[in-house]
Every structure is written in C-alpha cells, then in structure tokens.
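1. Model the following, please.
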Amino acid sequence: MKLSELLRNKAFWFLDSLKGGKKRNHYNEIKFIVENPTAQKVIDSKKEKLQDILKHASGTTNYYKDYEKFSSIEDFPIVNKNIIRDNLENFESQEYINQPKFTFSTSGSTGTPFKVYQNTNKRIRNMADTVFFSEMAGFRVGNKLTYFRLWNAFEKKSFVARVMQNIVPVDVFELKDKGRIDDVIQKLSKSKSSNSWLGYASAYEEICKHLDQQQSSVIPNKLKSAVAMSERLNDYTKQTINKYFGTEVVSRYSNVENGILAQQPLGDKKHFIINEASYFVEILALDSNERVENGKPGRIVITDLYNYCIPMIRYDTGDIGIKDVIDDQPVFTEVSGRKIDVIYNTKGEIITINLVLLVNNYPELKQCQLIQKAEGTYHFKLNFEKEFKREDEFLNEFKVYLGEDAKISIEYVDEIPLLASGKRRVMVNEMINS
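-> Residues are numbered from 1 along each chain as shown. Okay, the predicted model is just below:
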C-alpha cells in the first residue's frame, strides 16, 4: 500500500479504537462466524441473536406485539416492502423512536420507493460487513475505490467524504461516451495507488466490450479487486476483466435496506457465501410460505439480526434463490433478481442500467413500471400515494436518459401486477416481447 493508503487504513481503525473499537469488534465477530460455520460457539451465537431480535420486535413494536408468545420464527408473518412502507410507524421500535437513526431509501429493482431507518449499532454492523466482505474480494481499507453507479438516483457523497474514503464516483450513464471509458482506463493504468472497483455488472460489461472493439492489449494496472453488484455477472464479463486487468471479479448480493447478504469467494467460484453473521436466511416456496429443501429454488426471505430500529422479521426480498451447503458453508448456488428487459433510447442505443432506480427521487410514488412500446415511444405505469404533482419533473428527468425527443405517456394505476414467479417486471420492452 502507498503511504497515503496506509495512513487512511490506520486512521480508520485508530478512530474506531477511540470510539471503543465497535467496528473492530463487529468485524472480528463476522470473520469468526463466516469462517467457522460449524463451531458450536457460532451455532449458539446465531441462535441467541435470532431470539434477541424476535423478543425485541414482539416486545417493542405495534406490528409484532401479537407475537410475544412465539415459539419459533415460523410463528411470525412474512412481510415485504409494501407492508413495511404502509405500516412504517407500526414497525418502528418504541425504544428507538428518540434515538439517533439513519435513513436508507431505495426503489431497488421493484419500482417501489421504499425507506427504512437503521439504529447506530446496525449502521456500524453494516460497515464491518462491508470491510470483511470487501477484504474477502481483495480490497483493503485505504485502497482507491472507483465506484460505478447511477449516481443521480442516490445521495451523492460530499467532496470531503470522497477524499477521506478515497472514492472516485463514476456515473454509469456516462459510460455511453466511449471517451469516458478511455478516461477511466487511462487513469487506472497511470495510477500508482492500490485500486479497487465496485459497481454494476453492466458497467463492467460496457468496459469489456469497448476494450474488445478497440482490440486492446492487456492494461498495465494495479487493480487489486473488483466487486459487481445489483445485476447478474455473466461469464463474458468475468473472463474479460481477468483478461485485460488480471483481476477476478466477484459478485455481491446486497440491498440498500439491509446490507450485504452474500458474496462470491475468490477462486472462480459460482456460489455465494451467505452472511449468516448478520442475517437469518430462509428459502420459501414460490406459491406458499412453506420452507423448501436445500437445492430447490424459492423466495429469499431474511431476518435482519441487527436492525433494532425497524425490525425486519421474515422480510421477503423479492428475489429467488437456491440455498445449499458447500464444505460446511451455507451458500446460495443461484440468485436471481427481478426481470428487467433491455430498453433502447431514441437513438437506438441499449440502456444497460435499471432506470427505475430514478424513482428514488420521488418517494410519493408507490410503484413504477417503464414499458417501451415502439422505437422512441415509452409508457409509464405509476401507482402513487395521494396526488402526484411532479409529473413534468419526472418526465424531464427520464428524457435525459431515454432521449429529449422521447414520446412518453403516463398511466395511473392502483397496482402493477406480479408475474407468476412472484416478481414484478419493472422495465418491459414490448417490441422484443411481441
């Protein structure tokens, strides 16, 4: 590590030690649990953490108060984004109403704007999760981190935060401009820092295709790690990043409202190591709330063991997965998110990012679906709470991505139906599906 990187690393842990070493304690616990899944101490600890959050939820929230005499987690109901969103005050723990809290908002891949609160200890736990799983991919605190994201859909980091955390934000929409990709590659090849990448799998794919088109040679670099998130990481991208940069990309399964749920290990593995240190994970049938056996697909339902502000018990993530055990380690052998079709802008260019993330900026919307009807013609289905007064702003924001000459219509609906799989398609191309 460069001196500046080493100083950032030392400063991170030194500041934590001044505050009682909470991040370090969480980090050590996560590491021990993930690396020793069959140890009796780990089994007992996970059982105790689960009982603690169930007792807390049933004893301090209005939503779970009828479950105080529970005998197991299966006595609790399945909840989802809509249930929590419509009953947020009832989910909030009475013990934490006047405590410091952190707000996290997302539309995820559901098209449903959604926010939750997290208590301070949960926030620290997430930080420790991030450090551990990032290290598992080859990252070290202090590395320069290039973060590929649709930044307009999320709160931007301040200049001071970017400098302190050594983060370089890159908006994935800018990668349509091949000059921007060249700029990213050039800076990486000239950098003397230990570099890491974090971002959408589609951003990496865009970079790979550009390099292939340029018939590029191997890029001189110090890329120490690369983590793909939010979208499926295909074999082409994984192999091509390794070809040009000599770095293995691993896929991370996470969400904004909870944190890191699972991540692939290094070594060209397909499975995801489940973060059982911070979550209790169930796989339930697609058409019922019965648990399915290992090796069979089902809905991924998680219980957050650390969010005491808004207890999320048996929370249906909306994703489908297959759980199994490999070398005594609980893993997902398959994870699939919601269906997103390829959408084209008015110039006929493929939009590789989930534009529905932009509805994070419109919390009054309950659901959103974008449909491409024809070339340059788009239709939105919106389900909103009360009255939607920002229609013009909404249309103008999406025209930045679809094209200023896009023909966009809006239909207000009471509900956007689910598919038979239980998923909701948030971006649909009727041209390719007709």
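
2. Was I right to think residue 61 contacts residue 93?
-> Yes. Counting by C-beta atoms under 8 Å, residue 61 does reach residue 93; the two are 5.4 Å apart. C-beta: built from backbone N, CA, C; applies to glycine.

3. Give the residues shared as contacts by the two.
-> Residues touching both residue 61 and residue 93 by C-beta atoms under 8 Å, 6 or more residues apart in numbering: residue 311.

4. Work out which residue lies at the spatial centre of this protein.
-> Per C-alpha atoms, centre = their mean, the C-alpha nearest to the average position across the chain is that of residue 255, at 3.1 Å.

5. how close does that residue get to residue 234?
-> 21 Å (C-beta to C-beta, to the nearest Å).

6. same question, residue 167
-> To residue 234, residue 167 is 26 Å away according to C-beta to C-beta.

7. same deal with residue 89?
-> 42 Å.

8. the more surrounded of these two?
-> residue 234 (16 against 9; other C-beta atoms under 10 Å).

9. For that one, give me the backbone phi and psi.
-> Phi and psi for residue 234, reported as degrees, to the nearest 10, are phi -90, psi 170.

10. show me what contacts it?
-> 201, 205.

11. can we see that at 10 Å?
-> Contacts here follow C-beta atoms under 10 Å, 6 or more residues apart in numbering; on that basis residue 234 touches 201-202, 204-205, 208, 228, 240, 251.

12. thought residue 162 was touching residue 168?
-> Yes. Using C-beta atoms under 10 Å, residue 162 is in contact with residue 168, at 7.4 Å.

13. Common neighbours of these two, please.
-> By the contact definition C-beta under 10 Å, 6+ apart, residue 162 and residue 168 are jointly contacted by 145, 147.

14. gap between residue 49 and residue 27?
-> For residue 49, the distance to residue 27 - C-beta to C-beta - is 16 Å.

15. right, I mislabeled it, should have said residue 209
-> Taking C-beta to C-beta, one finds residue 209 at 37 Å from residue 27.

16. Equivalent analysis for residue 293, please.
-> Between residue 293 and residue 27 the computed distance is 33 Å (C-beta to C-beta).

17. low pLDDT regions in the protein?
-> Under the criterion pLDDT under 70, the flagged ranges of the chain are 1, 107-112, 155-156, 337-340, 352, 418-424, 432-434.

18. Show me where it has its helices.
-> For the chain, the helices defined by DSSP state H occupy 3-18, 22-35, 40-60, 81-86, 88-91, 120-136, 159-165, 178-190, 201-213, 235-245, 391-402, 430-433.

19. could those helices go into JSON lines alongside distance to residue 114?
-> Compiled in JSON lines, these are given as follows (distance: least, C-beta to C-beta, whole Å):
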{"stretch": "helix 3-18", "distance to residue 114": "30"}
{"stretch": "helix 22-35", "distance to residue 114": "25"}
{"stretch": "helix 40-60", "distance to residue 114": "19"}
{"stretch": "helix 81-86", "distance to residue 114": "5"}
{"stretch": "helix 88-91", "distance to residue 114": "10"}
{"stretch": "helix 120-136", "distance to residue 114": "17"}
{"stretch": "helix 159-165", "distance to residue 114": "24"}
{"stretch": "helix 178-190", "distance to residue 114": "31"}
{"stretch": "helix 201-213", "distance to residue 114": "22"}
{"stretch": "helix 235-245", "distance to residue 114": "29"}
{"stretch": "helix 391-402", "distance to residue 114": "18"}
{"stretch": "helix 430-433", "distance to residue 114": "27"}
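
20. nearest to residue 385, of these?
-> helix 81-86 (9.2 Å; C-beta to C-beta).
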